[in-house]
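*Asks:* have a look; sequence and predicted model below, questions after that.
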Amino acid sequence: MHRVGCVLVLAAAFASQVSNPSDADWQWLDSSRERALEALMPITAHPRTLVVYRSYRSFYQDVPEAYFRLELAPSSLPGKDIFLASLVAPDGPSIQQQLLTLHRASPRASLKALLTRVAVKRVAVDSQRCSAIRSRVDALSDLSIPIPALNVIVLHPFIHRIVVDVNAAHVDATLHDTDAPVVRWAMETAKTIQECRGG
């Protein structure tokens, strides 16, 4: 009985250790977050990119990230643009949570190695198969990006990064206000892309 009791105590101690990341674990995640998200959800644009959007929750690593890209696709019809939408989302827990768990299990593994084990879902659809994509692109021109007041402090906000390249305009904005028109547009666009592929 004494031996069984010791096993139970050790098991409980191990479970407690597993469930509580150390300060070093959190520091690793903080220093790896941007590189990890850029690898799986790249903001870097290329010549045909119109919009790239990425969001995550500051401080709360278990909140799922969001990402999509809209770009012009080659078209054989003159004057008829085709838009390609691609979406990336965590498959299961958030990307940050997966990375934290993987790092704690293999603390000596490189970020590059851990990224190969992160599960994500990828969706791609074009405006020929889903006309709602064209409507989302058309709605972009009516949006504005508000400048927040200088004395506003937001604790642990969502970080919404959006890059827009349309004609001669280039916008690269990071917003914390989920109610901002361009953020609402982005979230609705992500939902539209999911619905185009049936969920």
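*Replies:* Perfect, I can see it now.

*Asks:* if you count neighbours, what's buried in stretch 73-93?
*Replies:* 82, 83, 84, 85, 86, 87, 88, 89, 90, 93 (16 or more other CB atoms under 10 Å). (C-beta placed from N, C-alpha, C; glycine too.)

*Asks:* quick one: the last one from residue 101, how far?
*Replies:* It refers to residue 93. Here residue 93 is placed at a distance of 7 Å from residue 101 (CB to CB, to the nearest Å).

*Asks:* do the third one as well
*Replies:* Separation of residue 84 from residue 101 (CB to CB): 33 Å.

*Asks:* repeat that for the second one.
*Replies:* Between residue 83 and residue 101 the distance is 36 Å, computed by CB to CB.

*Asks:* same thing with residue 164?
*Replies:* For residue 164, the distance to residue 101 - CB to CB - is 34 Å.

*Asks:* neighbour-wise, which of those two wins?
*Replies:* Each of residue 164 and residue 101 has its neighbours counted (other CB atoms under 10 Å); residue 164 has more, 20 against 17.

*Asks:* which ones are touching that one?
*Replies:* 50, 51, 140, 170, 171, 172 (CB atoms under 8 Å, 6 or more residues apart in numbering).

*Asks:* tell me which residues of the helix or strand hosting it are tucked away?
*Replies:* Residue 164 belongs to strand 158-166 when assigned by DSSP states H and E. Across strand 158-166, burial judged by 16+ other CB under 10 Å covers 158, 159, 160, 161, 162, 163, 164, 165.
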